[in-house]
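let me see the structure of the following:
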Amino acid sequence: MKQGLALHTTSGELGIAIVDNQLNYRFQSWDLGRNLANNLHEKLRDFLPPLSWQDLDFISIAKGPGSFTSTRIGIVTAKTLAQQLNIPVYGISTLESLAWFYGKKGLNNQFLALEMKPNIEEVFGAIYQFQSTEKQLLNIIPDQLFKQENWQNLVTQYQNKFNDNFKLINAPDKLAFTTETLLEITLLKFQNNQENINNNWQNLMPFYN
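Numbers count the residues shown, from 1 in each chain. As a prediction, the model looks like this:
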């Protein structure tokens, strides 16, 4: 089993979570706002024990979509740690983590449309299918920026086709509550033998609002 650290900073609310070899999770969040950059390293230092940096096998980071400044701060921190520790870093979509979080609460084979609205004309959107029996999340429509009208038409199509087996989720302002979810997704990637070739610090790119 792997031990990992997850960071979530896409909304200015800092979330930190750790999973150990016994699948014990620890999580805490802080609404730091503009003080995120000044307090992130202190919170990390205080939260990590009893683990040490050398105990970590991987890092997970919410890569966006999200606030430009806070997402960038989290990405830079995760890349720096992964480079220094020589461990893989997994950039997980903010929308994917929301889909996993809500998918676990719903029915098997449920279709989930996730949306985040950076302005009145556009939507960051994606559609996932959560399969609880197989413990996997299928990305049906990849994360992308839609025109509001195009996104609404797509949502309507899925609503008409899948009815009660379809759920539309609007991303809330505070997102740190899904920090543990980043670890769950990453552990599944390990179990499914998705190797580290694409998960080094050099390949980690943010997805900004």
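
residue 155 belongs to a strand?
No - counting by DSSP: H, G, I helix; E, B strand; the rest coil, residue 155 is located in no strand; its state is helix.

quick one, longest strand in this protein?
Criterion DSSP state E: the longest strand present in the chain is strand 136-147.

now for that strand, which elements pack on it?
helix 94-103, strand 122-131 (3 or more CB pairs under 8 Å, 6 or more residues apart in numbering; DSSP states H and E). (C-beta placed from N, C-alpha, C; glycine too.)

what are the buried residues along it?
137, 141, 143, 146 (16 or more other CB atoms under 10 Å).

pairing partners for it, with directions?
In the sheet, strand 136-147 lines up against strand 122-131 (antiparallel) (DSSP bridges).

between helix 94-103 and the partner strand, find me the angle.
40 degrees (axes from the mean of the first three to the mean of the last three CA atoms, to 10 degrees).

and the contacts of strand 122-131?
Outside strand 122-131, the residues within contact range by CB atoms under 8 Å, 6 or more residues apart in numbering are 65, 93, 95-96, 99-100, 103-104, 106, 108-118, 137-148, 151, 154-155, 158, 209.

so where do the helices sit in the protein?
Assigned by DSSP state H, the chain shows helices spanning 36-47, 68-85, 94-103, 148-162, 179-191.

out of the ones you listed, deepest packed?
Burial of these is given as mean neighbour count (mean count of other CB atoms under 10 Å); helix 94-103 ranks first at a mean of 24.

that helix packs against which elements?
Short answer (3+ CB pairs under 8 Å, 6+ apart): helix 94-103 packs on strand 110-116, strand 122-131, strand 136-147, strand 166-170, helix 179-191.

skipping adjacent residues, who's closest to residue 207 in space?
residue 64 (3.6 Å; CB to CB, 6 or more residues apart in numbering).

returning to what we had before: now render the helices of the chain as a markdown table, adding distance to residue 4 and mean pLDDT.
Shown next, in a markdown table, are those (distance: least, CB to CB, whole Å; pLDDT from 0 to 100):
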| stretch | distance to residue 4 | mean pLDDT |
| --- | --- | --- |
| helix 36-47 | 13 | 93 |
| helix 68-85 | 11 | 92 |
| helix 94-103 | 14 | 93 |
| helix 148-162 | 33 | 95 |
| helix 179-191 | 6 | 88 |
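
nearest to residue 19, of those?
Judged by CB to CB, the one of the helices of the chain that comes nearest to residue 19 is helix 179-191, at 4.7 Å.
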